[in-house]
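1. quick one, structure for this:
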Amino acid sequence: MSRKITLIAAGGLAATLMACPSRTPPLPEAPRPVRVPPGCERNQAGEYHHEENPAFLYRGEDDGGTLTLAVMRAREGERAQADGGTVSIVLNRTPDGFVGETRATTFTGAGTACPVRFPTEATSCDEKGLTLRSVAATAIDENCRPAPGGKTAWKEQRLLRGLPDAGTPPPPPSTDAGTPDGGR
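-> The predicted structure is shown next:
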């Protein structure tokens, strides 16, 4: 009789264990590979200047995953000065590209400071420099919110490695500096 009870108990235990859902968590998905334009996987740290307006200088720091470009301005006869932290470009190497944003501060008509962010991506990296593509401008209302009906226009900007030649003539005042101004 005890053999019969043991078989019944063993069968009941097996049925109970098979009916319970598994407590093993699913395996995590493998991370997607980083996909950036050729050459952008290399360290992009260093100094750059804007191809069309060499008065705009950029100092890049690269930790292998993120490139941060601080915008500097050079005025005639003066050394380049950081523009007070009001404009920076932050790009991350991701599975979706070398993407990020340009961060700036602009002002409303009433003088309220408004932080703005423009989508930005690196489209090429070579020994001469970087080509960036970003939203060129945006409109904001008096409450620092995007104005309704604004059009998004993208523009390519070319940043060349190193400081500009000393013989480069200053650009005319109307030349696009390559930094967003929030529609001012």
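2. I'd like the next helix or strand past the helix or strand bottoming out on mean pLDDT in the chain.
-> Every helix and strand in the chain was compared by mean pLDDT, DSSP states H and E; the lowest is strand 81-82, with a mean of 50. The first helix or strand that comes after strand 81-82 along the chain, using DSSP states H and E, is strand 87-94.
3. partner strands of that next one, with direction?
-> strand 66-73 (antiparallel), strand 97-107 (antiparallel) (DSSP bridges).
4. count the neighbours of Ala110 for me.
-> Ala110: 6 surrounding residues under other Cβ atoms under 10 Å. Using the backbone N, CA and C atoms, a C-beta is placed for each residue, glycine as well.
5. repeat that for the one 4 residues further on.
-> Look at Cys114: counted by other Cβ under 10 Å, it has 16 neighbours.
6. pLDDT score for Ala104?
-> Ala104 is assigned a pLDDT of 91 by the prediction.
7. so it bridges to which residues?
-> Those that pair with Ala104 in a beta bridge, by DSSP bridges, are Val87, Val116.
8. pretty sure it contacts Ala113?
-> No - the criterion here is Cβ atoms under 8 Å, and Ala104 misses it with Ala113 at 10.6 Å.
9. look at those two and report which has more neighbours.
-> Neighbours were counted for Ala104 and for Ala113 using other Cβ under 10 Å; Ala104 has more, 21 against 10.
10. against Glu61, how distant is that one?
-> With distances taken as Cβ to Cβ, to the nearest Å, Ala104 is found 18 Å from Glu61.
11. kindly report the same for Ala113.
-> 25 Å.
12. same check on Leu132?
-> For Leu132, the distance to Glu61 - Cβ to Cβ - is 16 Å.
13. kindly report the same for Glu127.
-> Following Cβ to Cβ, the distance that separates Glu127 from Glu61 is 19 Å.
14. same question, Pro54
-> 21 Å.
15. who's more crowded, these two?
-> More neighbours surround Pro54 than the other of Pro54 and Glu61, with 18 against 13 (other Cβ under 10 Å).
16. what about the more buried one, is that helix, strand or coil?
-> Counting by DSSP: H, G, I helix; E, B strand; the rest coil, the backbone at Pro54 sits in coil.
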